[in-house]
Structures are given as structure tokens and as C-alpha cells.
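Student: this one's sequence-less:
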């Protein structure tokens, strides 16, 4: 999130004036105002109003969906994250490479992964309080499961996908 306003002189000027005003009230009029509670409450209100007006301004990489809904473009990074959002990852356009490893993490979110059944691949799913649906119809809610496409052989490495799902939903489609 951008902290431009919080780091600006206007914010600190107003905060210091408010702090001085509270010190005068406490000394002269014996009125005790909890500065830190009010300051924390105003900060939370500021974050909420700025999210409503400007939308969330979280800086994330291209391979991460955070509080958003979008399609993730495949690149060479090999790790894709969906956190508190919905993401769609299309792996059908991946070139067939041996030994390529891709990690997909879904945390409190929803993910849809499109795969090409012609590409030999092994999908290892780790789920914790989540729902994961694989192309063979199996569903994993808690635990670990490994799915292999029909043309995958152990000796001949293909694409390896490691999917970790925590309190989320992940669907693999062909």
C-alpha cells in the first residue's frame, strides 16, 4: 500500500498539532484523551476511506493476485500466488519442457488452472481446509494428492506443478 500521505509533512504536522492540543487539554482542563487509541482509530479510518475512494493500492508482482480478480500471464518465474482474490492461470500455452517446475499458492482465494492434457505433467496438491478439484474428478480437502496425466512417465520428466491451497478453492480444467 502506498504510504505517501502517512509519510508526508501534512500528516505529521496535523498529528503533532493534535498531540500538543491534547497535552494542553490534559494540563489545563484535566481532560485525559487517549492519543494512541484515537490516532490508531484515525489511521484505520484513513485506510478504509482511501480503499473505498481509490481502491486498494497494494504493490504486487505480475505473478500475484492480491484482493483482485484477474488472469495471470505465464512467465519464467515459476511461482504464482492468489491471495484474497480470484485468479485464472492458463498453462495450455506453455511450451513442452522437461523438468520445468511451477508452484501455485492459493490462500483465502479462488483459482482456476487451465492445463493441456497432451503435455506430460505431474500435479502435486497440498490442501489444508480447502477445496481442490483435479481433472480426474478427485477432490482434495485436507492432505496431499498427486495427479499424473495419461502420457506422463516417471523416467521421462515433464511439467511438475506443486499446488498449495489453504482456506481456498482451486480447480484444474482441461
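Tutor: It's in. Source: prediction; values computed, not measured.

Student: any weak-confidence spans in this structure?
Tutor: 1-12, 50-51, 54-59, 76, 96-98 (pLDDT under 70).

Student: what about 90?
Tutor: 1-70, 72-79, 84-85, 90-102, 116-121, 149-160, 174 (pLDDT under 90).

Student: could you give the number of residues near residue 92?
Tutor: 14 (other CB atoms under 10 Å). Heads up, the C-betas are built off the backbone N, CA and C, glycines and all.

Student: what's the answer for residue 112, then?
Tutor: Neighbour tally, residue 112, other CB under 10 Å: 17.

Student: and what of residue 165?
Tutor: Applying other CB under 10 Å, I find that residue 165 has 25 neighbouring residues.

Student: separation between it and residue 145?
Tutor: Using CB to CB, to the nearest Å, one gets 11 Å for the distance from residue 165 to residue 145.

Student: measure how buried the residue lying closest to residue 121 once chain neighbours are set aside is and give me the count.
Tutor: In this structure, residue 121 finds its nearest non-sequential neighbour in residue 159, 4.0 Å apart by CB to CB, 6 or more residues apart in numbering. Using other CB under 10 Å, residue 159 has 23 neighbouring residues.

Student: ok, now which ones touch residue 159?
Tutor: 91, 94, 96-97, 100-102, 119-122 (CB atoms under 8 Å, 6 or more residues apart in numbering).

Student: kindly indicate which of those lies nearest residue 79.
Tutor: residue 102 (7.5 Å; CB to CB).

Student: that closest one and residue 75 touch, don't they?
Tutor: No. With contacts counted by CB atoms under 8 Å, residue 102 stays clear of residue 75, the gap being 10.6 Å.

Student: who has more neighbours out of those two?
Tutor: residue 102 (20 against 10).

Student: so for the host helix or strand of the more buried one, what gets flagged as buried?
Tutor: Applying DSSP states H and E as the criterion places residue 102 in strand 101-107. Across strand 101-107, burial judged by 16 or more other CB atoms under 10 Å covers 102, 104-107.

Student: for those, work out which two are farthest apart.
Tutor: That would be 102 and 107, which, of these, are the farthest apart (CB to CB) at 16.8 Å.

Student: what's the overlap in contacts for residue 165 and residue 145?
Tutor: Overlap between the contact sets of residue 165 and residue 145, as judged by CB under 8 Å, 6+ apart, is given by 125, 127, 132.
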